[in-house]
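Participant: just coords:
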């Protein structure tokens, strides 16, 4: 058995490094190659939302006996997912106004890009104690991270009623 390297074949393969072959159903007129690649790169965020929708939920097994109840459950799950996405979006937009993309201490004590899951995990231990009369509610010992997230979400617990 013998073999040899073809420099011409190596150069042809090297010339194609970094190129993507993308198939699209967009109209070729207004959609240039850069736009198609940009849309392809944004697909990941859509796929993440599907993963959150189909992923493991902290819900026990449910047996639903009617289509109406199935529809109601799907509606509630979709509303919860919408809130999940809107909270993530609000925090990311607030960070963009501050010219940053990460929240300090969000993931294992380090700075991280906020996701809905990380935000809700950080806020999970937050407790609000309602008070009587005109006194504002009290948050006993919130962490700096929780205070930062509430600030990014533009939530003032003293205004909750």
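Facilitator: Arrived safely. The model shown is predicted, which means the values in this text are computed figures rather than measured ones.
Participant: could you use CA atoms for every contact and neighbour count after this?
Facilitator: Will do.
Participant: can you point me to the longest strand in this structure?
Facilitator: strand 103-107 (DSSP state E).
Participant: what's the next helix or strand after that strand packed up against?
Facilitator: Next in sequence after strand 103-107, counting helices and strands by DSSP states H and E, comes strand 110-112. Contacts defined by 3 or more CA pairs under 8 Å, 6 or more residues apart in numbering; DSSP states H and E place strand 110-112 against strand 103-107.
Participant: what residues of the strand it packs on count as buried?
Facilitator: Of the residues in strand 103-107, 103, 106 count as buried by neighbour count, 16 or more other CA atoms under 10 Å.
Participant: can you list the strands that it pairs with?
Facilitator: Applying DSSP bridges, strand 103-107 is found paired with strand 110-112 (antiparallel).
Participant: and the next helix or strand past the partner strand?
Facilitator: helix 116-123.
Participant: that next one packs against which elements?
Facilitator: So helix 116-123, by 3+ CA pairs under 8 Å, 6+ apart, packs with helix 67-97, strand 103-107, helix 144-152.
Participant: quick check: which element contains residue 43?
Facilitator: Secondary structure (DSSP H and E) places residue 43 in helix 33-54.
Participant: what is that helix packed up against?
Facilitator: helix 67-97.
Participant: pull the distance from the helix it packs on to the chain's centre.
Facilitator: 11 Å (CA atoms, centre = their mean, to the nearest Å).
Participant: where does the prediction get shaky in this protein?
Facilitator: 20, 53-60, 158, 160-161 (pLDDT under 70).
Participant: how much space between the residue nearest to the spatial centre of it and residue 89?
Facilitator: With distances taken as CA atoms, centre = their mean, residue 115 lies nearest the centre of the chain, 4.2 Å away. For residue 115, the distance to residue 89 (CA to CA, to the nearest Å) stands at 9 Å.
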